[in-house]
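Asker: next come a sequence and a model predicted from it.
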Amino acid sequence: MDMEIERKFLLPEYPERLIQEGRVQVITRHSIDQTYLAIEDGQELRVRKITDLDSGEITYTHTFKDGKGISRKEIEYSISEGLYNQMIEAVKAVPLVKTRITGIWNGVTVEIDLYTQLELAVLEVEFDSLEAAESFVAPEWFGKDVSVEKKYSNKTVWKELQNR
(Lines give C-alpha, C1' and ligand atoms only; values in the text may rest on other atoms or scores of the structure.)
Protein backbone atom coordinates (compact mmCIF):
# COMPACT_ATOMS: atom_id res chain seq x y z
CA MET A 1 0.00 0.00 0.00
CA ASP A 2 1.40 3.39 -1.01
CA MET A 3 1.58 6.34 1.35
CA GLU A 4 0.12 9.69 0.38
CA ILE A 5 1.92 12.51 2.16
CA GLU A 6 0.55 15.92 1.29
CA ARG A 7 0.01 19.43 2.56
CA LYS A 8 -2.99 21.51 1.56
CA PHE A 9 -3.28 25.28 1.41
CA LEU A 10 -6.29 27.58 1.06
CA LEU A 11 -5.41 29.37 -2.18
CA PRO A 12 -6.52 33.02 -1.87
CA GLU A 13 -6.45 33.60 -5.65
CA TYR A 14 -5.59 31.75 -8.84
CA PRO A 15 -1.90 32.44 -9.65
CA GLU A 16 -2.58 33.80 -13.16
CA ARG A 17 0.28 36.32 -12.96
CA LEU A 18 2.79 33.65 -11.89
CA ILE A 19 1.66 31.45 -14.80
CA GLN A 20 1.93 34.33 -17.29
CA GLU A 21 5.41 35.15 -15.98
CA GLY A 22 6.45 31.48 -16.34
CA ARG A 23 7.12 31.04 -12.62
CA VAL A 24 4.41 28.35 -12.54
CA GLN A 25 4.44 26.04 -15.57
CA VAL A 26 1.09 24.36 -16.20
CA ILE A 27 1.57 20.65 -17.02
CA THR A 28 -2.00 19.29 -17.13
CA ARG A 29 -5.58 20.46 -16.73
CA HIS A 30 -8.31 18.01 -15.69
CA SER A 31 -11.95 18.11 -14.73
CA ILE A 32 -12.61 15.64 -11.91
CA ASP A 33 -15.99 14.27 -10.80
CA GLN A 34 -15.40 12.69 -7.38
CA THR A 35 -17.95 10.56 -5.53
CA TYR A 36 -17.52 8.80 -2.21
CA LEU A 37 -18.90 5.30 -1.86
CA ALA A 38 -18.12 4.89 1.85
CA ILE A 39 -16.59 7.04 4.59
CA GLU A 40 -15.93 5.73 8.09
CA ASP A 41 -13.34 6.27 10.87
CA GLY A 42 -10.54 7.67 8.70
CA GLN A 43 -11.21 5.26 5.84
CA GLU A 44 -12.76 6.20 2.52
CA LEU A 45 -13.68 4.62 -0.77
CA ARG A 46 -14.19 6.89 -3.76
CA VAL A 47 -14.46 6.87 -7.52
CA ARG A 48 -13.42 9.52 -10.00
CA LYS A 49 -14.18 10.38 -13.58
CA ILE A 50 -11.19 12.36 -14.86
CA THR A 51 -11.41 14.32 -18.11
CA ASP A 52 -8.20 15.72 -19.62
CA LEU A 53 -9.24 19.24 -20.64
CA ASP A 54 -6.59 19.41 -23.38
CA SER A 55 -6.97 15.99 -25.05
CA GLY A 56 -10.55 15.11 -24.07
CA GLU A 57 -9.40 11.68 -22.83
CA ILE A 58 -11.56 10.29 -20.00
CA THR A 59 -10.28 7.87 -17.34
CA TYR A 60 -11.91 6.36 -14.25
CA THR A 61 -10.32 5.45 -10.91
CA HIS A 62 -11.27 3.70 -7.68
CA THR A 63 -9.39 4.71 -4.52
CA PHE A 64 -9.15 3.44 -0.95
CA LYS A 65 -7.58 5.73 1.68
CA ASP A 66 -6.87 4.99 5.32
CA GLY A 67 -5.65 7.42 7.95
CA LYS A 68 -5.92 11.03 9.03
CA GLY A 69 -3.62 14.01 8.80
CA ILE A 70 -0.93 14.67 6.20
CA SER A 71 0.17 11.03 5.83
CA ARG A 72 -2.32 8.33 4.78
CA LYS A 73 -2.29 4.92 3.14
CA GLU A 74 -3.65 4.95 -0.40
CA ILE A 75 -4.52 2.37 -3.04
CA GLU A 76 -5.68 3.69 -6.40
CA TYR A 77 -6.31 1.86 -9.65
CA SER A 78 -8.06 2.35 -12.99
CA ILE A 79 -11.56 0.99 -13.53
CA SER A 80 -13.83 0.75 -16.57
CA GLU A 81 -16.51 3.28 -17.46
CA GLY A 82 -19.12 0.57 -16.91
CA LEU A 83 -17.95 -0.21 -13.38
CA TYR A 84 -17.75 3.52 -12.58
CA ASN A 85 -21.32 4.03 -13.80
CA GLN A 86 -22.59 1.07 -11.75
CA MET A 87 -21.03 2.48 -8.58
CA ILE A 88 -22.36 5.99 -9.25
CA GLU A 89 -25.84 4.60 -9.86
CA ALA A 90 -25.68 2.55 -6.64
CA VAL A 91 -24.90 5.51 -4.37
CA LYS A 92 -27.08 8.10 -6.16
CA ALA A 93 -24.94 10.96 -4.87
CA VAL A 94 -23.95 14.34 -6.27
CA PRO A 95 -20.32 14.23 -7.40
CA LEU A 96 -17.88 16.85 -6.16
CA VAL A 97 -16.64 18.57 -9.33
CA LYS A 98 -13.32 20.34 -9.51
CA THR A 99 -10.84 21.54 -12.10
CA ARG A 100 -7.31 20.42 -11.25
CA ILE A 101 -4.38 22.35 -12.65
CA THR A 102 -1.09 20.53 -12.14
CA GLY A 103 2.01 22.65 -12.46
CA ILE A 104 5.61 23.09 -11.48
CA TRP A 105 6.71 25.93 -9.19
CA ASN A 106 10.41 26.16 -8.19
CA GLY A 107 10.87 22.48 -9.04
CA VAL A 108 7.90 21.49 -6.85
CA THR A 109 4.78 19.86 -8.32
CA VAL A 110 1.66 21.72 -7.21
CA GLU A 111 -1.97 20.74 -7.74
CA ILE A 112 -4.50 23.56 -7.77
CA ASP A 113 -8.11 22.47 -7.25
CA LEU A 114 -10.85 24.91 -8.24
CA TYR A 115 -14.20 23.60 -6.98
CA THR A 116 -17.03 24.15 -9.45
CA GLN A 117 -19.98 24.02 -7.01
CA LEU A 118 -18.31 26.04 -4.24
CA GLU A 119 -16.29 29.18 -3.79
CA LEU A 120 -13.20 27.23 -2.84
CA ALA A 121 -9.70 26.90 -4.25
CA VAL A 122 -6.92 24.85 -2.66
CA LEU A 123 -3.35 24.01 -3.55
CA GLU A 124 -1.80 20.66 -2.64
CA VAL A 125 1.81 19.52 -2.59
CA GLU A 126 2.70 15.83 -2.26
CA PHE A 127 5.95 14.71 -0.64
CA ASP A 128 8.15 11.61 -0.62
CA SER A 129 8.58 11.67 3.16
CA LEU A 130 6.97 13.04 6.28
CA GLU A 131 10.20 14.91 7.05
CA ALA A 132 10.05 16.69 3.68
CA ALA A 133 6.41 17.62 4.23
CA GLU A 134 7.04 18.97 7.73
CA SER A 135 10.11 20.97 6.72
CA PHE A 136 8.56 22.49 3.58
CA VAL A 137 8.26 26.27 3.77
CA ALA A 138 5.38 27.45 1.61
CA PRO A 139 5.44 30.82 -0.10
CA GLU A 140 2.86 33.39 0.93
CA TRP A 141 0.87 33.01 -2.32
CA PHE A 142 -0.08 29.41 -1.35
CA GLY A 143 -2.29 30.85 1.42
CA LYS A 144 -3.15 29.40 4.82
CA ASP A 145 -2.02 25.83 5.59
CA VAL A 146 -5.23 23.80 6.07
CA SER A 147 -3.60 20.36 5.89
CA VAL A 148 -5.19 19.13 9.12
CA GLU A 149 -8.37 21.23 9.03
CA LYS A 150 -11.15 18.72 8.51
CA LYS A 151 -13.58 21.23 6.99
CA TYR A 152 -11.35 21.53 3.89
CA SER A 153 -11.01 17.79 3.26
CA ASN A 154 -12.63 16.57 0.05
CA LYS A 155 -14.83 14.11 1.93
CA THR A 156 -16.17 16.82 4.26
CA VAL A 157 -16.85 19.17 1.34
CA TRP A 158 -18.54 16.29 -0.54
CA LYS A 159 -20.74 15.46 2.47
CA GLU A 160 -21.88 19.11 2.71
CA LEU A 161 -22.68 19.08 -1.00
CA GLN A 162 -25.06 16.13 -0.49
CA ASN A 163 -27.16 18.25 1.90
CA ARG A 164 -27.77 21.10 -0.55
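Answerer: Sure, I can see it.

Asker: now do the residue most central in space within the chain against Asp41, distance only.
Answerer: The residue lying closest to the centre of the chain (C-alpha atoms, centre = their mean) is Asp113, at 6.3 Å. According to C-beta to C-beta, to the nearest Å, Asp113 stands 25 Å off from Asp41. Backbone N, C-alpha and C define where each C-beta goes, glycine included.

Asker: ok, Gly143 next?
Answerer: For Gly143, the distance to Asp41 - C-beta to C-beta - is 29 Å.

Asker: who's more crowded, those two?
Answerer: Using other C-beta atoms under 10 Å, the more surrounded residue of Gly143 and Asp41 is Gly143, with 17 against 7.

Asker: that one contacts Leu120, doesn't it?
Answerer: No. Using C-beta atoms under 8 Å, Gly143 makes no contact with Leu120, being 11.3 Å away.

Asker: can you pull out the strands in this structure?
Answerer: Taking DSSP state E, the strands of the chain run over residues 2-10, 24-40, 43-52, 58-66, 71-78, 96-105, 108-115, 121-126, 144-145.

Asker: packing partners of the third one?
Answerer: This means strand 43-52. strand 24-40, strand 58-66, helix 81-91 (3 or more C-beta pairs under 8 Å, 6 or more residues apart in numbering; DSSP states H and E).

Asker: who touches the residue lying closest to Gln43 once chain neighbours are set aside in this structure?
Answerer: The shortest distance from Gln43 to any non-neighbouring residue, by C-beta to C-beta, 6 or more residues apart in numbering, is to Asp66 (4.9 Å). Contacts for Asp66 were tallied using C-beta atoms under 8 Å, 6 or more residues apart in numbering; they are Met1, Gly42, Gln43, Arg72, Lys73, Glu74.
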